[in-house]
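Novice: after the sequence you'll find the predicted model.
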Amino acid sequence: MPSKRLLATLFTLAAMPLCAADYHPPAAANDGWSSTDARAAHWDISRFAALESKLADGSFKGITSVVVVSDNKLVYEGYFNGSNADQLNDIRSASKSITAWLVGAAIERKLIPDVQAKIYGYFPDKQPWQHPDPRKQAITLEDLLTMSSLWECDDENQFSSGNEERMYVTEDWLQFALDLPIKGFAPWMTKPADSPHGRSFSYCTAGAFVAGAVVEHVTHKSLSAFAAEVLEKPLGITSVHWNVSPLGVGMGGGGTRYRSRDLAKLGELALDEGRWKGQQVISSAWVHQMLSVHAQARDDADYGYLWWCFRFKVNGKEQPVWAMSGNGGNYVFVMPSQRLVTVVTGTAYNQRYAHPQSQEIFRDYVLKALPGATD
């Protein structure tokens, strides 16, 4: 029987992160991905080793996976805190970006004329709705995709009528959203006419939910079934979980679950203008429209169609990074200038450090590992 000292040594060795010399390219898994040896491609493997050390000593908390793709090939893949490649990650609001894909697919199939479609016209059965106002009737799908409708809906304000937590305790989420009043603009708030791009941004999960409900209405299919048909099956994604509202409407605002490698496929689809393995899955025109800045979300971030746009430096030069982003520190980062996709998943739900640490992983470990990176 091994001694206690030997057992302790073995346990310590097992818990230690891999050093740079122990790096191995991601394994083949018959899922459409090919991989490359990061060392041969001149990546700084020591940055991955340093990242694993931070994960091992608890400096980064709740991170479950990091997957890095460069030029359509996996270069790094790590699973932590009991996770593995088959884990279905609850990506929370990163799901909104998938809803944007599905809106584009519905438009491409001419089931929705365009993003200027007025959303109240799709739900006549929900009349009469509360707080009738001509401005509500004018709300478009694009208003929902850009988080800039005139609904009084702000998930970051606990007092907001449309705060998502209020929606979750009702039965009819769609009615909840359609009943929302028009917002007022206090003196310290910027009105749309005075905002960049003419849109006043307010993060509203209810709006993303309604965008998904529009897709269900026009396709006569559940959101999950339409996603499987137009997005997941073409990408070879076979294991997914979608949430629904109490009345069975697909939850386009959050809570879908995907494997990390499959999340990387969604990032690669964005990077490659809607193509996967040479097949056009979603039109390139929609990708360009979706990944264009339509609103300013914060001083340090812009917004497309349910996709965030951040700015990160490589070799001292600031470059745009599009991102799916969700509670817990869940991200799919897409950096076109570097042909780079990075997935970071985590379970640090409702923790203030969740988003900063995932962005730090991308900024200080993945970007600094890039071939030729100097800072």
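Specialist: Cool, got the structure. Residues are numbered from 1 along each chain as shown.
Novice: which residues of the protein fall in helices?
Specialist: Secondary structure of the chain (DSSP state H): helices at 4-15, 45-56, 95-108, 134-137, 141-145, 164-168, 173-178, 205-219, 223-227, 260-271, 284-290, 354-360.
Novice: how about those helices, which one is nearest Pro320?
Specialist: Across the helices of the chain, the minimum distance to Pro320, taken as C-beta to C-beta, is reached by helix 260-271, at 12.2 Å. Any C-beta I mention is one placed from the backbone N, CA and C, and that applies to glycine too.
Novice: which residue is nearest the middle of the protein?
Specialist: Nearest to the centroid of the C-alpha atoms of the chain, with distances taken as C-alpha atoms, centre = their mean, sits Met324, at 2.2 Å.
Novice: now tabulate the helices of the chain in a markdown table and tack on mean neighbour count.
Specialist: Conversion of the helices of the chain to a markdown table gives the following (neighbours: other C-beta atoms under 10 Å):
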| stretch | mean neighbour count |
| --- | --- |
| helix 4-15 | 10 |
| helix 45-56 | 19 |
| helix 95-108 | 25 |
| helix 134-137 | 12 |
| helix 141-145 | 25 |
| helix 164-168 | 16 |
| helix 173-178 | 22 |
| helix 205-219 | 25 |
| helix 223-227 | 21 |
| helix 260-271 | 24 |
| helix 284-290 | 17 |
| helix 354-360 | 19 |
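Novice: now the ones you listed in JSON lines, with mean pLDDT and distance to Pro320?
Specialist: Rendered in JSON lines, the data for these read as follows (pLDDT from 0 to 100; distance: least, C-beta to C-beta, whole Å):
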{"stretch": "helix 4-15", "mean pLDDT": "37", "distance to Pro320": "38"}
{"stretch": "helix 45-56", "mean pLDDT": "97", "distance to Pro320": "22"}
{"stretch": "helix 95-108", "mean pLDDT": "98", "distance to Pro320": "15"}
{"stretch": "helix 134-137", "mean pLDDT": "97", "distance to Pro320": "32"}
{"stretch": "helix 141-145", "mean pLDDT": "98", "distance to Pro320": "18"}
{"stretch": "helix 164-168", "mean pLDDT": "98", "distance to Pro320": "28"}
{"stretch": "helix 173-178", "mean pLDDT": "98", "distance to Pro320": "31"}
{"stretch": "helix 205-219", "mean pLDDT": "98", "distance to Pro320": "22"}
{"stretch": "helix 223-227", "mean pLDDT": "98", "distance to Pro320": "26"}
{"stretch": "helix 260-271", "mean pLDDT": "98", "distance to Pro320": "12"}
{"stretch": "helix 284-290", "mean pLDDT": "98", "distance to Pro320": "13"}
{"stretch": "helix 354-360", "mean pLDDT": "98", "distance to Pro320": "14"}
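Novice: which of those helices sits closest to Ala29?
Specialist: If you check each of those against Ala29 by C-beta to C-beta, helix 260-271 wins as the nearest, at 7.1 Å.
Novice: mind giving me the packing neighbours of that closest one?
Specialist: Helices and strands touching helix 260-271, by 3 or more C-beta pairs under 8 Å, 6 or more residues apart in numbering; DSSP states H and E, are strand 63-70, strand 73-79, helix 95-108, strand 275-276, helix 284-290, strand 317-326, strand 330-335, strand 340-346.
Novice: gap between it and the chain center?
Specialist: Helix 260-271 sits 10 Å away from the centroid of its parent chain (C-alpha atoms, centre = their mean, to the nearest Å).
Novice: so who does the closest residue in space to Gly250 that isn't next to it in sequence touch?
Specialist: Distance criterion C-beta to C-beta, 6 or more residues apart in numbering; nearest residue to Gly250, sequence neighbours excluded, is Leu223 at 2.7 Å. With contacts defined as C-beta atoms under 8 Å, 6 or more residues apart in numbering, Leu223 is in contact with 99, 102, 212, 215-216, 242, 249-252.
Novice: show me where pLDDT drops low in the stretch 251-375 of the chain?
Specialist: 375 (pLDDT under 70).
Novice: for Ala373, grab phi and psi.
Specialist: Geometry field for Ala373 lists phi and psi as phi -70, psi 140, criterion degrees, to the nearest 10.
Novice: would you agree it is in contact with Val314?
Specialist: Yes: in this structure Ala373 lies within contact range of Val314 using C-beta atoms under 8 Å: 6.3 Å.
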